[in-house]
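Trainee: Take a look and give me a structure for this.
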Amino acid sequence: MRYDVSKVRAGYPALADGYAYLDGAAGTQVPQSVIDAIVAAYRAGLGNQGGTFPASGRSDAIVAECRNAVADLVGGDPAGVVLGPNMTTLTYRFATTLAADWAAGDEIVVSRLDHDANLRPWVQAAQRAGAVVRWAEVDLSTGELPVQQYDDLLTARTRLVAVTAASNILGTRPDVAAITAKAHAAGALTYVDGVHATPHGPVDVAALGADFYATSAYKWSGPHVGAVAADPAVLETLRPDKLLPAPDEIPVRMETGTAPLADLAGVTAAVEHLADLGSAVAGGTRRARVLASMAAVESCEQELFTTLLDGLDAMPHVTTYGRPARRTATVYFRVEGHHPRDVATHLAAHRINVWSGHSYAWELTGALGLRDGGGAVRAGLVHYNDRSDVDRLLDVVAGLAP
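Mentor: Residues are numbered from 1 along each chain as shown. Below you'll find the predicted structure:
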């Protein structure tokens with residue numbers, strides 16, 4: 001598949017401002033097609049769901065189409081796609097619901113590689129239930145999450161294993177399938193944070209062994225909407241707190257309040273956009289197009305990332321963190337003699353967008369000894385970044401040499 005990044009960039013109005021958007025790990029820009037879909041939904045007229053009039057019918061169709069689109073993106077079942085305002089809110093919802101069945105002495109396993117949104121909801125729920133929290137540790141020299149440690153962490157009392165599909169600062173892609181296989185053998189459920197992984201390559205929730213797979217559309221060129229792709233059979237066993245008149249069927253049972261209907265139309269448009277990033281053979285299913293397109297994205301990003309990482313590693317005044325065998329195109333680095341926030345500010349003055357700080361990788365930055373000193377600078381590539389973005393960053397960072 002041919003990947004034409006200049007054509008991709010042309011579809012993003014925000015990129016015309018001349019900035020190098022290397023902040024994609026915190027949120028991506030949206031293409032015109034997504035903007036148009038949201039506007040079109042409002043323009044056509046929307047009503048709350050379940051009514052007898054056309055505007056309500058349009059809303060019903062938007063929600064159904066959104067569930068189908070998310071399922072096609074990650075390889076899930078539309079009947080198990082739960083929608084919500086963001087991954088954090090949804091994860092708290094699932095943590096509270098699942099923990100209602102935990103008892104004192106039950107156990108959960110979380111990892112220090114994870115974003116706090118896949119840690120704190122579970123830790124807090126376990127504390128309320130009297131459950132034991134066990135921690136999977138990171139090899140700080142490589143940034144890897146060793147699979148073997150789960151043999152010692154899992155017991156007959158383990159109820160849940162929460163793990164990320166990719167670190168949002170180091171880019172580490174742990175062997176999730178091996179971890180979830182061990183969890184299932186112990187009788188535990190698995191909750192996989194796919195927020196950082198989903199934008200960077202093909203996803204198959206079944207192959208990952210995820211009973212629940214969380215993702216956020218704004219990380220893959222959609223609006224601010226979260227989703228959890230779950231096994232419908234597992235969802236059927238969950239009884240969340242809900243309003244009495246609210247629907248009781250799945251997946252709606254897990255959702256609260258009125259959906260952001262126009263934004264859901266934007267989510268579908270974002271999946272369509274991702275499916276068409278490469279020059280795929282016409283006529284395939286959307287799922288097939290997504291897989292081919294995201295494989296092309298991953299290849300393009302990794303080639304460009306090699307230039308970025310090698311360039312930073314060649315600078316004596318720059319320290320990069322993590323050397324995982326498999327990673328997303330994300331780098332976390334410090335510049336000698338400069339506070340990370342000052343580096344980010346300097347880059348912004350040169351029209352380059354990056355983030356600094358802990359990036360909500362609270363446990364990992366603490367383990368690395370970086371959190372209390374301002375963390376580090378994070379730069380990440382997504383499907384609309386090109387060589388000029390990388391070269392600009394390298395040039396400016398090189399100029400910060402003491």
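Trainee: Find the nearest non-adjacent residue to residue 105, please.
Mentor: Counting by C-beta to C-beta, 6 or more residues apart in numbering, residue 157 is the residue found nearest to residue 105 once chain neighbours are left out, at 6.2 Å. C-beta coordinates here come from the backbone N, C-alpha and C atoms, glycine included.
Trainee: what ranges do the strands span in the stretch 201-350 of the chain?
Mentor: Here the stretch 201-350 of the chain has its strands, by DSSP state E, counting those that start in this stretch, at 212-216, 226-230, 318-320, 330-335.
Trainee: Any buried residues in the third one, and which?
Mentor: Neighbour-count burial for strand 318-320, counted by 16 or more other C-beta atoms under 10 Å, picks out 318, 320.
Trainee: Residue 37 is nearest to which of the strands of the stretch 201-350 of the chain?
Mentor: Residue 37 lies closest, by C-beta to C-beta, to one member of those: strand 226-230, at 16.5 Å.
Trainee: Next, the angle strand 212-216 makes with that closest one.
Mentor: 160 degrees (axes from the mean of the first three to the mean of the last three C-alpha atoms, to 10 degrees).
Trainee: pLDDT of strand 226-230, averaged?
Mentor: Averaged across strand 226-230, pLDDT comes to 98.
Trainee: what do you get for stretch 62-82?
Mentor: 98.
Trainee: ok now it, how far from the chain's centre?
Mentor: Counting by C-alpha atoms, centre = their mean, to the nearest Å, stretch 62-82 is centred 16 Å from the centre of its parent chain.
Trainee: what does the model give residue 266 for pLDDT?
Mentor: 98.
Trainee: residues touching it, list them.
Mentor: 30, 34-35, 37-38, 41, 217, 222-223, 225 (C-beta atoms under 8 Å, 6 or more residues apart in numbering).
Trainee: Any chance of TSV for the strands of the stretch 201-350 of the chain, columns distance to residue 9?
Mentor: Formatted as TSV, the strands of the stretch 201-350 of the chain follow (distance: least, C-beta to C-beta, whole Å):
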stretch	distance to residue 9
strand 212-216	22
strand 226-230	26
strand 318-320	26
strand 330-335	20
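Trainee: how about the ones you listed, which one is nearest residue 166?
Mentor: strand 330-335 (7.9 Å).
Trainee: which stretches of the stretch 1-150 of the chain have low pLDDT?
Mentor: 1-2 (pLDDT under 70).
Trainee: What are the boundaries of the helices in it?
Mentor: Here the stretch 1-150 of the chain has its helices, by DSSP state H, counting those that start in this stretch, at 5-10, 32-44, 54-74, 87-99, 120-129, 150-153.
Trainee: Which neighbouring elements make contact with the third one?
Mentor: The one in question is helix 54-74. helix 32-44, strand 81-84, strand 212-216, strand 226-230, helix 261-275, helix 286-313 (3 or more C-beta pairs under 8 Å, 6 or more residues apart in numbering; DSSP states H and E).
Trainee: How far away from the center of its chain is the last one?
Mentor: It stands for helix 286-313. Distance, centroid of helix 286-313 to centroid of chain: 16 Å (C-alpha atoms, centre = their mean).
Trainee: so what secondary structure elements neighbour it?
Mentor: Using 3+ C-beta pairs under 8 Å, 6+ apart: helix 286-313 touches helix 54-74, helix 261-275, strand 318-320, strand 330-335, helix 387-398.
Trainee: Make JSON lines from these and add distance to residue 184 to it.
Mentor: JSON lines is the format used below for the helices and strands packed on helix 286-313 (distance: least, C-beta to C-beta, whole Å):
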{"stretch": "helix 54-74", "distance to residue 184": "19"}
{"stretch": "helix 261-275", "distance to residue 184": "28"}
{"stretch": "strand 318-320", "distance to residue 184": "35"}
{"stretch": "strand 330-335", "distance to residue 184": "29"}
{"stretch": "helix 387-398", "distance to residue 184": "40"}
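Trainee: can you list the domain ranges for this protein.
Mentor: 5-32+286-398, 35-272 (automatic domain parsing).
Trainee: Identify whichever of the ones you listed lies nearest to residue 278.
Mentor: Closest among the domains of the chain, once you apply C-beta to C-beta, is domain 5-32+286-398, at 3.9 Å.
Trainee: Give me the pLDDT value at residue 399.
Mentor: pLDDT, residue 399: 98.
Trainee: Distance check, it against residue 388.
Mentor: For residue 399, the distance to residue 388 equals 17 Å [C-beta to C-beta, to the nearest Å].
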